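>>> Here is a sequence with its predicted model. Questions after.
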Amino acid sequence: MKYSKIVLGLLVSVTVFSLGCDNKQPTTANDPTKDVTSSKSPTPTSSASLANYQGGLEIISTPKAPNPSGIEESPPTELSPLPTGSPFIIGKAPPEFGGGAAGTDASPTPTLSDGETPSPTPSPQEVVVPSKISGTVYGYNPTTKKYVTVPRAEIAIGDTYLKADDGGRYYLNEEISTFVSISAFAEGYVGSTVKSVTPGENRDIHLQPLDNRKQYNPNTIILKNVNLLGVADANNVQHPKILSFGDVNDSRFIPYLTNALTGTYRVEINPTIGNTVAKGKLLVYDQSRDFNGNPTNPTQMRTFQFLDPATFRVGDTTFPDLGEEPEIDQDKDFTNISADFRTTENFSSFVCNAYIVFSTGEKVLASKFVSTYPQKVSFRLPKYNKNKDISYSIEAHAGDALRGSDVVVNNLRENDSFTAYLLPTPQNIAPNHYTTSVGTSPSFSWSTISESKAYQVEVEKTDNNDFRWEGFSTDNSIPYPTSLTYLQKTKQYRCQVIAMDFYKSGLYVLNTAEDMRLRAERIKNSKDLQFKVLLAKHDTNTLPRGYRASYNTTLFRTK
């Protein structure tokens, strides 16, 4: 059985309607006289909803009017970083979550314009103004980091079938007076459904590609015989230094240790497609080791060097000169970030990575911790005196390919500490392999998680990667769109339900050996347990405080 792994992409990523993003194209409603076909009369579906306030670990600003789909219609304002030395709590209970901070930095429970807290279901006073629905279908290119219009995409609004024109525009002439589900399919993209959309003009649809892998320049930069031995340990034994690199384009950087005794590396670098240069931050450091010479857990630095900028060009054959190694003051040149990870579930593996994040966007792995279960951990991380405007990010994962929980905490500053409660995983997923009457248009359901603000359902065939569908819902169920049936009879499918404590981003499934390999290279160490849920880089600014997500997986077979 081919197991899937999850990586984060844009919340309503695959179908985020009117999602704000850095490279979003302007919306243009389609002229009803254009080439658009419509069949069946609309049969809108009403369902539960949540007010459209900020989720995740963000500080909540002035809330907007209720939006039952829970989907952002404009880019969120980027928030200022956490103050230095600010302890805070992530999770624990729904009333305390949403801002993540404790004490004076805690975010208030969001309220609606009338002062009431948002309800998980539409109140009787909520009135949907009869409206037409139109918009444009966009598809994301992970290499260019831009959205382009998707011509001739198939659209389902309730039970009404539409086809977008050559410019990706669609238009529904009839007025809709209740909440509806909107679905979109296009060749080469993940099919997507968003439940409980409020009728209105200009409902743009954003799709993610079936192949979400970044494309690299095939001309690999190969640097041979890079000798990097560190200072001797307590037994007077020298060990290889560690290399870590990051740039804003996510260039591929792979150091292969070829001789541990001499600290000799073969370094391979691939800029992204269209680029011949990888220019970013290079961190070279020694690890603290125990009496037997093994790295401490978590790994801790004792000396380090930054090369800023570090430039690698196609055709280079030599490693850049690092210069003289600076003297390191163990008290002044390091800071400690303390994390207390807690969970109510029994996980058999846990990994946590700590990163230095530069204000210019580069992200460099600086420390890691591996254990069998979530626990307290303290990272010693380097300061960067050349540029004070840096922060730290902690990414933690518990679980395996089928069930797990992730938490990412961003914008950490010197001496920060936090307690993170991992989000519980979805349970009682249906249909599953015990279900005997699964048609080609099933309805998916699962148990509600109190701290979750939205859910994503991923469905894909287990025998190949030519079809994938994902649906977004703020309650614990979503039907597969009957108007656009792509599920085949007598086929086995994987269903993965993902819970998230935010509304604005969707999650993406990695399920091929090549995907796994590339993901391993991106975190610089193929021996690390891989993260399953990770927000795509093009959307990181929308959740500046971080996020939590969890997932569970089942299989089912159609009749």
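Received the coordinates, thanks.
>>> Where does the prediction get shaky in the stretch 1-150 of the chain?
Residue ranges of the stretch 1-150 of the chain with pLDDT under 70: 1-87, 93-127.
>>> Could you check this protein and say which of its helices or strands has the lowest average pLDDT?
Among the helices and strands of the chain, strand 16-17 carries the lowest confidence by mean pLDDT, DSSP states H and E, at a mean of 30.
>>> okay but Asn432 is in contact with Arg557, surely?
No. With contact defined as Cβ atoms under 8 Å, Asn432 does not count as touching Arg557 (10.0 Å). The C-beta positions use only the backbone N, C-alpha and C, and glycine is treated the same way.
>>> quick one: contacts for the nearest residue to Asp333 once chain neighbours are set aside?
Excluding the flanking residues, the one nearest Asp333 by Cβ to Cβ, 6 or more residues apart in numbering is Lys383, at 5.6 Å. By Cβ atoms under 8 Å, 6 or more residues apart in numbering, the contact set of Lys383 is 332-335, 414.
>>> can you do 7 Å?
333-335 (Cβ atoms under 7 Å, 6 or more residues apart in numbering).
>>> One more: Lys559?
Per Cβ under 7 Å, 6+ apart, neighbours of Lys559: 437-439, 489.
>>> Helices along the stretch 451-559 of the chain, start to end?
513-522 (DSSP state H, counting those that start in this stretch).
>>> what ranges of it fall below the confidence cut-off?
For the stretch 451-559 of the chain, counting by pLDDT under 70, the residues that fall below are 465, 504-542.
>>> can you give me the strands in it?
Assignment of strands within the stretch 451-559 of the chain using DSSP state E, counting those that start in this stretch yields the ranges 454-461, 468-473, 477-479, 492-500, 507-510, 546-557.
>>> To Lys368, which of the ones you listed lies closest?
strand 546-557 (17.6 Å; Cβ to Cβ).
>>> For Asn236, give me phi and psi.
Asn236 adopts backbone torsions of phi 60, psi 30, taken as degrees, to the nearest 10.
>>> Could you check the pLDDT of it?
Here, the pLDDT recorded for Asn236 equals 89.
>>> thought Asn353 was touching Glu395?
Yes. With contact defined as Cβ atoms under 7 Å, Asn353 counts as touching Glu395 (5.1 Å).
>>> The residue nearest to Asp333 and Tyr355: what is the separation?
Distance of Lys383 to Tyr355, computed by Cβ to Cβ, to the nearest Å: 14 Å.
>>> returning to what we had before: and which of the contacts of Lys559 is nearest Gly246?
Closest to Gly246, out of all of these and judged by Cβ to Cβ, is Val438, at 44.5 Å.
>>> tally of neighbours for that closest one?
With neighbours defined by other Cβ atoms under 10 Å, the count for Val438 comes to 18.
>>> That one contacts Ala430, doesn't it?
No. Between Val438 and Ala430 there is no contact under Cβ under 7 Å: 9.4 Å.
>>> Among the contacts of Lys559, the buried ones, what's the PyMOL command?
In PyMOL syntax, the buried subset of the contacts of Lys559 is picked out as below (16 or more other Cβ atoms under 10 Å):
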select buried, resi 438
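>>> Filter the contacts of Lys559 down to the ones in strands?
Among the contacts of Lys559, no residue falls in strands (DSSP state E).
>>> Take the contacts of Lys559 and write them to TSV, including distance to Lys363.
Converted to TSV, the contacts of Lys559 look like this (distance: Cβ to Cβ, whole Å):
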residue	distance to Lys363
Ser437	48
Val438	42
Gly439	45
Lys489	45
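>>> Most widely separated two among the contacts of Lys559?
Greatest spatial distance among the contacts of Lys559 (Cβ to Cβ): Ser437 and Lys489, at 12.6 Å.
>>> now the helix or strand containing Lys368: how far from the chain's centre is it?
In this assignment (DSSP states H and E), Lys368 forms part of strand 363-371. On the basis of Cα atoms, centre = their mean, to the nearest Å, strand 363-371 sits 18 Å off its chain's mean C-alpha point.
>>> hey, C-alpha coordinates of it in PDB?
Taking C-alpha atoms only, strand 363-371 is exported to PDB below (Å, rounded to 0.1, in the frame of the first residue of the first chain):
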ATOM      1  CA  LYS A 363      15.300  29.900   6.500                       C
ATOM      2  CA  VAL A 364      18.300  27.800   7.800                       C
ATOM      3  CA  LEU A 365      18.100  24.600   9.800                       C
ATOM      4  CA  ALA A 366      20.000  25.100  13.100                       C
ATOM      5  CA  SER A 367      19.000  22.300  15.500                       C
ATOM      6  CA  LYS A 368      16.900  19.200  15.700                       C
ATOM      7  CA  PHE A 369      15.400  16.800  18.300                       C
ATOM      8  CA  VAL A 370      14.200  13.200  17.800                       C
ATOM      9  CA  SER A 371      12.300  11.200  20.400                       C
END
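>>> Skip ahead from it and say which helix or strand is next.
Next along from strand 363-371, by DSSP H and E: strand 376-382.
>>> Asp233 reaches Asn292, doesn't it?
No. In this structure Asp233 lies outside contact range of Asn292 using Cβ under 7 Å: 9.3 Å.
>>> between the two, which one's more packed in?
Using other Cβ under 10 Å as the criterion, Asp233 and Asn292 rank with Asp233 on top: 19 against 8.
>>> Grab the nearest non-local neighbour of the more buried one.
Among residues not flanking Asp233 along the chain, Arg289 sits closest, at 5.0 Å (Cβ to Cβ, 6+ apart).
>>> Show me the beta-bridge partners of the one you found.
Pro295 (DSSP bridges).
>>> Count the neighbours of it for me.
19.
>>> Quick check: beta-bridge partners of Asn141?
Beta-bridge partners, per DSSP bridges, of Asn141: Lys146.
>>> so how far is Asp166 from it?
Per Cβ to Cβ, Asn141 is found 19 Å from Asp166.
>>> Settle it for me: which of these two has more neighbours?
Remark: of Asn141 and Asp166, Asn141 carries more neighbours, 14 against 10, as counted by other Cβ under 10 Å.
>>> What distance do you get for that one to Phe472?
Counting by Cβ to Cβ - Asn141 and Phe472 are separated by 21 Å.
>>> Val457 contacts Ile478, correct?
Yes. Proximity of Val457 to Ile478 meets the contact threshold set by Cβ under 7 Å, at 5.8 Å.
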